[in-house]
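[1] Test case, fold it:
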Amino acid sequence: MHPDAHAPLIDSPLIDSPPQETMTEQDVYKLALQLAQDIAPRYGLDVVKLARFTTAVVNVETGRTYNPSLKNKTSSARGLMQVLSCTQRWMEEKLSLPFAPQSVALGSSCKQYAKKNPPQVSPDKDRMYEPGYNMRIGMMYAAYQLKRYGQDERKAAHAYNQGSFNGSSAGSAYASTVLSRKSGIDFAAHERSFQDVYAEASRTRHYEFR
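    Take a look at the predicted model:
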């Protein structure tokens, strides 16, 4: 199924979650499972695998702090998944969110896209510090990379960090760190803490490309 064939859950309470000072690993994984139920079908991905991959990315991007208020000092990257403004605007377009740009040059690099669609970030209204919104945008981008690189998590992680068309992950320290952190997270223990959410994700976890 085409990624844009699914209606976005704009009114989801997950999207409207307020900014928080900090979250736990369990909080992040639970939210990832809920968000993945909408995003995974867009890319023919497994719901649980996407949620676990996303949680590992958050682990790395926040330095294990799970702090939604983080801001990169040298770029526009911010929030749990340290999403750049240009990536944010591109994913908003794909999700058909109301404040997306009118047109997107799909296939362009983040820098090329930013030149055509300058970020319009209001510090007092920046939704990228909201956990649900940030992870929805970041997960969508991660899912895009997973699909692009045949669900190769190493290449997808490298591309998430270095750019959409940079999948040459040989020797990628970032990708190695993501995969190492992912293997070190006790997902099973978290799943026992919110069995209802995990059960729902498991019922719809497998998708085929159409």
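
[2] From here on, just use CA atoms for contacts and neighbour counts.
    Will do.

[3] what bits of this structure have low per-residue confidence?
    1-21, 96-125, 164-171, 204-210 (pLDDT under 70).

[4] Helices of that one, start to end?
    Assigned by DSSP state H, the chain shows helices spanning 25-43, 47-61, 85-94, 110-116, 131-148, 153-162, 173-184, 187-193, 195-203.

[5] Could you dump the ones you listed into a markdown table and include distance to S76 and mean neighbour count?
    A markdown table is the format used below for the helices of the chain (distance: least, CA to CA, whole Å; neighbours: other CA atoms under 10 Å):
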| stretch | distance to S76 | mean neighbour count |
| --- | --- | --- |
| helix 25-43 | 22 | 22 |
| helix 47-61 | 14 | 25 |
| helix 85-94 | 6 | 21 |
| helix 110-116 | 11 | 15 |
| helix 131-148 | 13 | 24 |
| helix 153-162 | 14 | 23 |
| helix 173-184 | 19 | 17 |
| helix 187-193 | 31 | 13 |
| helix 195-203 | 32 | 14 |
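
[6] Tell me which residues touch V178, please.
    If you count contacts by CA atoms under 8 Å, 6 or more residues apart in numbering, V178 has them with A56, V57, N59, V60, A157.

[7] ok, it to N59 distance?
    Using CA to CA, to the nearest Å, V178 is found at 8 Å from N59.

[8] S176: what's its closest spatial neighbour, skipping adjacent residues?
    Distance criterion CA to CA, 6 or more residues apart in numbering; nearest residue to S176, sequence neighbours excluded, is R154 at 7.1 Å.

[9] pretty sure the one you found is touching L179, no?
    Yes: counting by CA atoms under 8 Å, R154 touches L179, with 7.2 Å between them.

[10] Do I have it right that E25 meets Y66?
    Yes: counting by CA under 8 Å, E25 does reach Y66; the two are 6.8 Å apart.

[11] Mutual contacts of these two, please.
    With CA under 8 Å, 6+ apart, E25 and Y66 have common neighbours N59.

[12] I'd assumed R136 was in contact with Q88.
    No: Q88 is beyond contact range of R136, at 9.9 Å (criterion: CA under 8 Å).
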